[in-house]
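# need the 3D shape of this:
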Amino acid sequence: SSSQSQNRIYDSIRYPNDLHTLLALHASFRRSLLTLWLHTHDTSSLRASSLLRSLLTDGVGETHGGVGYVEVQLDAPTIEDLGVVFRINEIPTLMAFSRGEAQFGSRVETSGKGGLGDRAFLSGWVEREAARRGEGGG
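Residues are numbered from 1 along each chain as shown. Model (predicted):
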């Protein structure tokens, strides 16, 4: 049904277990999970969040089966060392997970053109990650 292919935006992650739960869920759905690693009061994080939410709400990626999207609040006191585990060196960072595995090769860390501030670039990025359908390699 069409609801199967709709993008899904989840509540922000503040605990490592919340991410592990979503990763397991998306691996079983065969859908990529897009994660935006951010700080809640950081301007470039908020801009990237707003742009991504707008693209996903507009249905970008849904022709390829849709994606899940969640923001990871790296400044939450309960997040532990999750950022270290997934090698997050810049804020914000956008990274997809496919079959529960981080897709380090396609992650986006820059905020200018060809990065997190570029609507056309992000639209293409979301489409490509959706097209993996949770099958892409690491």
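# where does T35 fall, phi/psi-wise?
phi -120, psi 130 (degrees, to the nearest 10).
# quick check: it touching Q103?
No - using Cβ atoms under 8 Å, T35 makes no contact with Q103, being 10.1 Å away. The way it works is simple: take the backbone N, C-alpha and C, and place the C-beta from them, glycine included.
# more crowded one of the two?
T35 (25 against 19; other Cβ atoms under 10 Å).
# please name the bridge partners of the more buried one.
Beta bridges link T35 to V70, M95, judged by DSSP bridges.
# contacting residues around it?
I13, L19, Y69, V70, E71, V72, L94, M95, A96, F97 (Cβ atoms under 8 Å, 6 or more residues apart in numbering).
# so can I have TSV of those showing distance to G59 and pLDDT?
TSV is the format used below for those (distance: Cβ to Cβ, whole Å; pLDDT from 0 to 100):
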residue	distance to G59	pLDDT
I13	24	98
L19	25	97
Y69	13	98
V70	18	98
E71	19	98
V72	23	98
L94	18	98
M95	22	97
A96	18	97
F97	21	95
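# output those residues as CSV; include the columns neighbour count and distance to G61.
Output for the contacts of T35, formatted as CSV (neighbours: other Cβ atoms under 10 Å; distance: Cβ to Cβ, whole Å):
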residue, neighbour count, distance to G61
I13, 23, 20
L19, 21, 20
Y69, 24, 9
V70, 20, 14
E71, 23, 17
V72, 23, 19
L94, 24, 13
M95, 22, 15
A96, 28, 11
F97, 26, 14
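# tell me the one of these nearest A130?
Distances from A130 to these, taken as Cβ to Cβ, are shortest for A96 (9.1 Å).
# test my guess that that closest one contacts G105.
No - the pair A96 / G105 is not scored as a contact, 9.8 Å apart, by Cβ under 8 Å.
# could you dump the contacts of T35 to TSV with distance to A130?
Conversion of those to TSV gives the following (distance: Cβ to Cβ, whole Å):
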residue	distance to A130
I13	20
L19	19
Y69	11
V70	15
E71	18
V72	19
L94	14
M95	15
A96	9
F97	13
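# good, we can wrap up now.
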